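Chemist: I'd like to go over a predicted model; first the sequence, then the structure.
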Amino acid sequence: MDIMRLSPEDLGKGSSIKLERCGSEHDIYWKMALEMLDVIKENNAQGKTTFMIVPYGPLGGYSVLVYLINKYRISLKNCVFMNMDEYIGPDGEYIPTDDPLSFRGGMERIFYSLIDDELNVLPENRYFPDPHDPGMTMRLIEKYGVPEMTWGGIGINGHFAFNEPPEPDEECTNEEFLARPTRVLNITRETRTINAYMNCGANLEAIPKQCITVGMKEIYMSKRIRILMPRDWLAAMLRRVLHGDITCRVPCSLFRNHPDCTVLACNDAIYGDVIPKIRIYNKK
């Protein structure tokens, strides 16, 4: 089967990952925010802590969350949020929070600073993976239990968080890849290129070469995994994740063996033209 020729209507059929079809990018963010808040409200009612692994981007989801939290007075006081990654500079430290590319600075600007104080996540419950203490992620899981949910965007090479696929000449089994914990690693050139295109005017030199990321080990422990696909350039990866080989070369395909994984994809990704066209021009 040529998965790149699958019709939009056949996408998701027979896949163990559920496909949630969303008309637009913003529909993805609304559906994600509503599900996230349903989990928080249910745990609040039971007096339970809500521990989640969350991304910095896609950014659009946070504006929806801020609006709903403040409007409907949904308390995040019992929440523990672990952001999944951050850029690392050449000195081995986080890039500064005032750097426009900083995920730590970005979370403060677009989320935490905009939530009413009486509803906000307590400052001591806002975490990022630490390049000097990567074991912190697992200690949080030991303290609060497995994450209720991990959600985030997917990379052009199928990564989740910054769990980049093995290099072509690197030997790695699926089991070994799923066992990779929180760690510092090099960012692939394709990831740096698409991030430059999306975030800084295609200035590739501006994108750091290293990062710290929560590992597939901790992410796979989550009760729910939600993968957001809000871009047309994800059309091919959508097909690989749902219907291609289950392989660490496409990291998100490994979630086909997870008990509760959903892809939320917009029409641009579902109906994206992934079959190359050849144009023939007759020269006179």
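Modeler: Arrived safely, thanks for sending.
Chemist: and N157, which of the three is it?
Modeler: Under DSSP: H, G, I helix; E, B strand; the rest coil, N157 falls in the coil class.
Chemist: nearest spatial neighbour of L119, skipping sequence neighbours?
Modeler: Spatially, and ignoring its direct neighbours in sequence, L119 is nearest to S75 (5.2 Å; Cβ to Cβ, 6 or more residues apart in numbering). In short, each C-beta sits where N, CA and C put it, glycine included.
Chemist: helix or strand for that neighbour, which one?
Modeler: Following DSSP states H and E, one finds S75 outside all helices and strands.
Chemist: Please list all residues in contact with it.
Modeler: 44, 118-119 (Cβ atoms under 8 Å, 6 or more residues apart in numbering).
Chemist: Mind checking which of those are buried?
Modeler: Restricting these to buried positions leaves N44, with burial counted as 16 or more other Cβ atoms under 10 Å.
Chemist: biggest helix in the chain, by residue count?
Modeler: helix 25-45 (DSSP state H).
Chemist: buried ones in that one?
Modeler: Residues 25, 27-33, 35-37, 39-40, 43-44 are the ones in helix 25-45 that count as buried (16+ other Cβ under 10 Å).
Chemist: ok, now how distant is the residue nearest to L119 from I28?
Modeler: S75 sits 25 Å away from I28 when distances are taken as Cβ to Cβ, to the nearest Å.
Chemist: now swap in N267 and tell me
Modeler: 10 Å.
Chemist: Now the common contact residues for those two.
Modeler: Shared contacts of N267 and I28, counting by Cβ under 8 Å, 6+ apart, come down to C22.
Chemist: can you list the weak-confidence ranges in the chain?
Modeler: 276-284 (pLDDT under 70).
Chemist: So which residues of it form strands?
Modeler: 18-22, 50-54, 79-83, 85-88, 126-127, 149-153, 183-186, 210-213, 225-229, 261-266 (DSSP state E).
Chemist: quick one: which of those is nearest N203?
Modeler: Closest of the strands of the chain to N203 is strand 85-88, at 14.1 Å (criterion: Cβ to Cβ).
Chemist: List just the nearest of the buried residues of helix 25-45 to E190.
Modeler: E25 (21.6 Å).
Chemist: nearest residue to T97 other than its sequence neighbours?
Modeler: The shortest distance from T97 to any non-neighbouring residue, by Cβ to Cβ, 6+ apart, is to G105 (3.7 Å).
Chemist: State the distance from R239 to I88.
Modeler: Distance of R239 to I88, computed by Cβ to Cβ: 32 Å.
Chemist: Please apply the same query to E171.
Modeler: 26 Å.
Chemist: Kindly report the same for W151.
Modeler: W151 sits 23 Å away from I88 when distances are taken as Cβ to Cβ.
Chemist: How many residues are close by I88?
Modeler: 22 (other Cβ atoms under 10 Å).
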